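Participant: after the sequence you'll find the predicted model.
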Amino acid sequence: MTVAHARSGRRQRDVASGANTLREAAELGSRRVALDLLAAVRDTRDRLDDPGDRTALHDFRVAMRRLRSWLRAFRPQFRDTLRPKLEQRLGRIARVTSTSRDLEVHIGWVKNSRRALPEQGRPGADWLLRRLRGLKRVADAELRDTIDRFYAKTMRRVESALERYEARVADDGPRFGDSAADLIDRETGALAAAIQQVSGQGDRAEAHAARIAAKRLRYVLEGLASVGVPSESVVNELKSLQDTLGELHDAQQFGSELATMISKLIADHGNNRPAGRPGRAHRGRAVDPVNGLRLMLRQLRRAEARAFHEFQATWKADRWGLEFAASVASIQHSLR
């Protein structure tokens, strides 16, 4: 055995060397891309300290997802140096970013939704905004604490694990390009199967699984773009699918949360107990937020129906599926 090293591709190679990377051992090529993705995480982490950077949290979350998805996809190539505990640490950081980011998205949606509400519905939106902002302050504090405690050490250890691996002197293992082509074949098959499972608007778990499958294939292709693999058109299609299913999932999830809030408020009123922290007084009376919550729930149900219709019209069409399969096959051919 000998120890090989895979320093960050951004620092030690240019795009023209992408074809050479595809011919390298799978363990080496996959590490080069992973180190690029790790560098992107660090770039976005620095932006979190700027309170004026409104996209920092979103970009950091996406960078973490890309890295974690790549490490998952090429786990057989990383297993000799990347321990499961490190992947678990990355997952812990990713989870706290998701909570804070989801609340950020919900707050933005309620603010936009409020503009379309009639006057009698706006106190409910104001009540919900105060509630969500309170939850976000807690989530932001947890995010900051987790990053302060775990981020720097975890990144150092992940980088150290990716910079080396054990290689045989007589290396007859698969090339990176071949391994990537096989991986794309598996992920594309998983996506096709997941899409077929979504037959109705009520198939929430199936739609979410299809969204995850699209994300995994997209992140693999985006990682390969750093070594010169042309995949922009397919990536854009996957982004569109991810956005559509994301809108569907967010409307369903947030709608369920609003429905639970409404039920609890009604139950509290029925038992003559204060409904948590009701809306501010309006003309001498406490404002009941239920009416506004119901109106926003209707908006979410309409958004859910629109997103599912768009998914069904675009992604369940056999013609589009054949075009997509042909584009993916072309990418696999270039990898091999």
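Facilitator: Thanks, I have the structure now.
Participant: what residues sit buried inside the helix or strand hosting S69?
Facilitator: Using DSSP states H and E, the element containing S69 is helix 56-73. Within helix 56-73, the residues scored as buried using 16 or more other C-beta atoms under 10 Å are 56-57, 59-71, 73. In this view, the C-beta of every residue, glycine as well, is placed from N, C-alpha and C.
Participant: out of these, flag the one nearest to K111.
Facilitator: Comparing the buried residues of helix 56-73 against K111 with C-beta to C-beta picks out L57 as the nearest, at 16.8 Å.
Participant: state the distance from that closest one to T146.
Facilitator: Applying C-beta to C-beta, to the nearest Å, the value for L57 to T146 is 13 Å.
Participant: then D36?
Facilitator: For D36, the distance to T146 equals 24 Å [C-beta to C-beta].
Participant: who has more neighbours, these two?
Facilitator: Ranked by neighbour count (other C-beta atoms under 10 Å), D36 and T146 place D36 first, with 20 against 17.
Participant: low-confidence ranges in the chain?
Facilitator: Regions of the chain meeting the criterion pLDDT under 70 cover residues 1-19, 170-172, 270-287, 317-321.
Participant: now the biggest helix by length in it: how far from the chain's centre is it?
Facilitator: Criterion DSSP state H: the longest helix present in the chain is helix 232-270. Remark: helix 232-270 is offset 14 Å from the chain centroid, using C-alpha atoms, centre = their mean, to the nearest Å.
Participant: name the helices or strands packed onto that helix?
Facilitator: Applying 3 or more C-beta pairs under 8 Å, 6 or more residues apart in numbering; DSSP states H and E, one finds that helix 232-270 contacts helix 84-116, helix 204-225, helix 290-315, helix 318-335.
Participant: what are the buried residues along it?
Facilitator: So for helix 232-270, counting by 16+ other C-beta under 10 Å, buried means 234-235, 237-238, 241-242, 244-255, 258, 261-262, 265.
Participant: ok, back up a step: and the next helix or strand past the helix holding S69?
Facilitator: Note on helix 56-73: by DSSP H and E, the next helix or strand toward the C-terminus is helix 75-78.
Participant: which elements pack onto that following helix?
Facilitator: When contacts are defined as 3+ C-beta pairs under 8 Å, 6+ apart, helix 75-78 packs onto helix 26-47.
Participant: biggest separation within the buried residues of helix 56-73, which pair?
Facilitator: Across those (C-beta to C-beta), the longest gap, 25.9 Å, separates A56 and A73.
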